[in-house]
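> heads up, no residue letters with this:
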DNA sequence: CGACCAATCGACCAAAATATTCGAATTTTT
DNA sequence: AAAAATTCGAATATTTTGGTCGATTGGTCG
């Protein structure tokens, strides 16, 4: 019938929805089991623990966001535009996932080591992505940067700081686009060779 | 300092938010206490139990919806228009409270008697509101109804049936208005004297 | 001040909820 | 039909949580 991996993935998909709505603590294995149309014990056949499922969900989440970003910037040629698209897509996706991060952020996830690990790994990957854009821009003489890694870190850090939900809530999409434009100007104006 | 009643209300306001997000079961007294910046025991100084708070929240919710409806139809004179405004506002408010009812609906609230009681009392009041509109319409020879109470019950029942979230989810507001227009025509066309 | 009352809270408990395990049943594969 | 993979109900171990109690704080009034 179904591959074991497929069943696992379907459980992850189901769990993702519930976790995104209720967060880690308030999500129960019973709910995951029922929503997956499985006995609770069957879930444990595929995953070791609740944390294990959560980890799988978070990892998939991160890799999906990463791929989305890569696909988005791939066709863009102009480095400045590329950076803009990057920030735009990142923020948009983040807004879509707002519930998820919202439900997660406030919890005691600091107790869960793997969350920190994934975050760090993903942060590093994101820095590399941004750095690649900056390097390309520097080579094409579009950006005026020496230390591309430092700049990438600064940008990624800044973007993380802007994850605060308040900044994005209660706003139309069109409004958001305009605001992002301003934001990008503020952040990167100094980088652009004029 | 603050009146006791004011503190109670502030706790209700806080609890409302949490209940609306997580439903009855998943909301804990600890959360309500922390969000209210009070010790848990202090909450019990104002309320007898978790159910007690929930009841207060639901009652306030119901009375607010009722008042909103009354305010909305008050200035309208034409009965047909009045009925339309009534349905429109009712559905809009309901959509705003969708999360709330969503989180509540699926739970085992049938175990909590008072929920049924409030619902019944509120249903009756809503029937009376609609009946008043219909009576006025009948008097003004706008509506062609004999048994206004029966008609009111039918309308309210129909509206309740339409509370199903599927009907309202994933739709723009403008779209909704148009759909409500159709709905009203379908529901009440037979009533209107032509 | 000091007796009184209103309000607050930390620590505690029993009950309920929940994660996890186990062994048996059931299905699928060989 | 034996073996392996998968499912699940019931039992267990652990945590969470609604609710209580006694002590404490802080304001008020004589």
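Yes, it's here. Please read all numbers here as calculations on a predicted model, not as lab measurements.

> list the contacts for the residue nearest to residue A:7 when sequence neighbours are not counted?
Nearest-residue entry for residue A:7: residue A:46, 6.4 Å, with adjacent residues in sequence omitted and distances by CB to CB, 6 or more residues apart in numbering or on different chains. Yep, even glycine has a C-beta here, placed from its N, CA and C like the rest. The contact partners of residue A:46, by CB atoms under 8 Å, 6 or more residues apart in numbering or on different chains, come to A:4, A:7-8, A:11.

> 7 Å instead?
A:7-8, A:11 (CB atoms under 7 Å, 6 or more residues apart in numbering or on different chains).

> and it, how far is that from DNA strand D?
Distance of residue A:46 to DNA strand D, computed by CB to the nearest atom of the strand, to the nearest Å: 7 Å.

> quick one: the longest helix anywhere in chain A near DNA strand C?
Of all segments of type helix in chain A, defined using DSSP state H, the longest is helix A:113-139. No - Helix A:113-139 stays clear of DNA strand C (CB under 7 Å from any atom of the strand), getting no nearer than 13.1 Å.

> now do that helix: which elements does it pack against?
helix A:50-73, helix A:79-96, helix A:148-161 (3 or more CB pairs under 7 Å, 6 or more residues apart in numbering or on different chains; DSSP states H and E).

> got the residues of chain A near DNA strand C?
For chain A, the residues in contact with DNA strand C (CB under 7 Å from any atom of the strand) are A:1, A:27-30, A:40-41, A:44, A:48-51.

> surely residue A:155 touches residue A:131?
No - taking contacts as CB atoms under 7 Å, residue A:155 lies outside contact range of residue A:131: 9.1 Å.

> so which helix or strand of chain A has the lowest pLDDT on average?
For chain A, scoring each helix and strand by mean pLDDT, DSSP states H and E identifies helix A:98-105 as the least confident one, at a mean of 58.

> give me the low-pLDDT residue ranges for chain A?
Residue ranges of chain A with pLDDT under 70: A:1-2, A:94-106, A:108-112, A:162-194.

> residue A:24 reaches residue A:57, doesn't it?
No - applying CB under 7 Å as the test, residue A:24 and residue A:57 come out as separate, 9.5 Å apart.

> which one's more surrounded, those two?
Each of residue A:24 and residue A:57 has its neighbours counted (other CB atoms under 10 Å in any protein chain shown); residue A:57 has more, 24 against 20.

> for that one, which non-adjacent residue is closest in space?
residue A:16 (4.8 Å).

> buried sites along the strand or helix carrying that neighbour?
According to DSSP states H and E, residue A:16 maps onto helix A:4-26. Neighbour counts over helix A:4-26 (16 or more other CB atoms under 10 Å in any protein chain shown) mark A:7-8, A:11-12, A:14-16, A:18-24, A:26 as buried.

> which one is residue A:58 nearest to, not counting chain neighbours?
The spatial neighbour of residue A:58 that comes closest, neighbours along the chain excluded (CB to CB, 6+ apart), is residue A:118 at 5.6 Å.

> show me the contacts for that neighbour.
Contact analysis of residue A:118 by CB under 7 Å, 6+ apart lists A:58-59, A:62.

> repeat that for residue A:159.
By CB under 7 Å, 6+ apart, residue A:159 lies in contact with A:87, A:90.

> can you tell me how far it is from residue A:56?
To residue A:56, residue A:159 is 25 Å away according to CB to CB, to the nearest Å.
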